[in-house]
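> starting from these lines, generate the structure:
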Amino acid sequence: MDDELEPPPYDGPERYDPSDMVQPAILVLAGRLVHAESSSSSSSSSSASAAAGSAAPLPLYELDHDVRFLSRAEHKVEFARHEPQVRMRMRMRERAGAAAPEPEPEATSHRRHLFNLECPHALTSTSPFAFFLTSVSRRTLGHVGLKKRRKGAVTAAAADFKVLRIGRRRTAAATAPGVAVVDEDDEGTLFEITRADGRHEWWDHDGRRVAIDDAADDGRRRIIVTTALPRQQVDGPRRDVVSAVVA
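Take a look at the predicted model:
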């Protein structure tokens, strides 16, 4: 019997706050880290840095490998979100000629593993998906698949890729890879991706352009988020944007 691959239980008592919105911003993939190019990317991150008096921006997301240098044998990369925090540290200060400990805020972050980015083996996989985002936390949208349109089906108005919420089942053989199954209706489609002027554009279910994948002058990849999105939605599909960039 097939076993459904379900994400583990919530790893915290709180779910996403519906009012937690990620505002339009420019994100940069530099090596293993994704950080904001502008200070407007994350109000919580900016608040943490301001409270700690630190000018250096904290990373927003992190990969456990630099995807530019993956070997042919590597088919999985971990993706985590850095949750900004402010902690108080005691530091010695000179007061009236004597040293005394005083609390001082310091910006830091908690690394939360959200997804595994998986690329099916080109020779042995029968999956129709080019990439998977296998969720490891119920704080995400669930498993996500990136599917390329069939040759000959792409027109000027058609999407080059579809980003779908999917189910994943493990095959009976213990050593066999997971096989993705999905009902491709409107409820399963999260985003569509089109290629225009040498870059990928991300469109949501309502026909809004929500993100653009572009190359910076220094060769780094940029993700331009053009529409405010709920945090839960960003932690899923934005990761898909990164996966498309690094594929």
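> residue 115 contacts residue 79, correct?
Yes: counting by C-beta atoms under 8 Å, residue 115 touches residue 79, with 4.5 Å between them. All C-beta atoms are positioned from the backbone trio N, CA, C, and that covers glycine.
> comparing those two, which residue is more hemmed in?
In terms of neighbours (other C-beta atoms under 10 Å), residue 115 is the more surrounded of residue 115 and residue 79; the figures are 27 against 23.
> bridged to the more buried one, which residues?
residue 79, residue 135 (DSSP bridges).
> how close does it get to residue 133?
According to C-beta to C-beta, to the nearest Å, residue 115 and residue 133 sit 4 Å apart.
> count of residues packed around residue 100?
By the criterion of other C-beta under 10 Å, residue 100 has 11 neighbours.
> so it, which state does it fall into?
Remark: residue 100 carries the secondary structure label strand [criterion: DSSP: H, G, I helix; E, B strand; the rest coil].
> likewise the one 4 residues further on?
Following three-state DSSP, we place residue 104 in the strand state.
> tell me the buried residues in stretch 192-201?
Going by neighbour count (16 or more other C-beta atoms under 10 Å), the buried part of stretch 192-201 is 192, 193, 194, 200, 201.
> stretch 208-215 too?
By neighbour count, and taking 16+ other C-beta under 10 Å as the criterion, the buried residues in stretch 208-215 are 210, 211, 212, 213, 214.
> could you do stretch 82-102 as well?
In stretch 82-102, counting by 16+ other C-beta under 10 Å, buried: 82, 83, 84, 86.
> need the pLDDT of the closest residue to the second one other than its chain neighbours.
Here the nearest residue to residue 83 in space, its sequence neighbours aside, is residue 110; by C-beta to C-beta, 6 or more residues apart in numbering that works out to 4.5 Å. Taken from the predicted model, the pLDDT recorded for residue 110 is 83.
> ditto for residue 75
pLDDT, residue 75: 82.
> burial count for it?
Neighbourhood size, residue 75 [other C-beta under 10 Å]: 17.
> can you check residue 114 too?
Neighbours of residue 114 (other C-beta under 10 Å): 20.
> any idea how far residue 28 is from it?
From residue 114 to residue 28 the distance is 19 Å (C-beta to C-beta).
> could you do residue 196 as well?
For residue 196, the distance to residue 28 - C-beta to C-beta - is 21 Å.
> report the two of the buried residues of stretch 192-201 separated the most.
The most widely separated members of the buried residues of stretch 192-201, counting by C-beta to C-beta, are 192 and 200 (10.5 Å).
> can you list residues touching both of the two?
Shared contacts of residue 192 and residue 200, defined by C-beta atoms under 8 Å, 6 or more residues apart in numbering, are found at residue 161.
> related to what we said a few turns ago, helices or strands up against the helix or strand containing the residue nearest to residue 83?
Assessed by DSSP states H and E, residue 110 sits inside strand 98-118. Judged by 3 or more C-beta pairs under 8 Å, 6 or more residues apart in numbering; DSSP states H and E, the packing partners of strand 98-118 are helix 43-52, strand 76-95, strand 131-135, helix 239-246.
> helices or strands up against the second one?
Translated: strand 76-95. Short answer (3+ C-beta pairs under 8 Å, 6+ apart): strand 76-95 packs on helix 43-52, strand 61-63, strand 98-118.
> so which of those gets nearest residue 24?
Using C-beta to C-beta, those put helix 43-52 closest to residue 24, at 12.1 Å.
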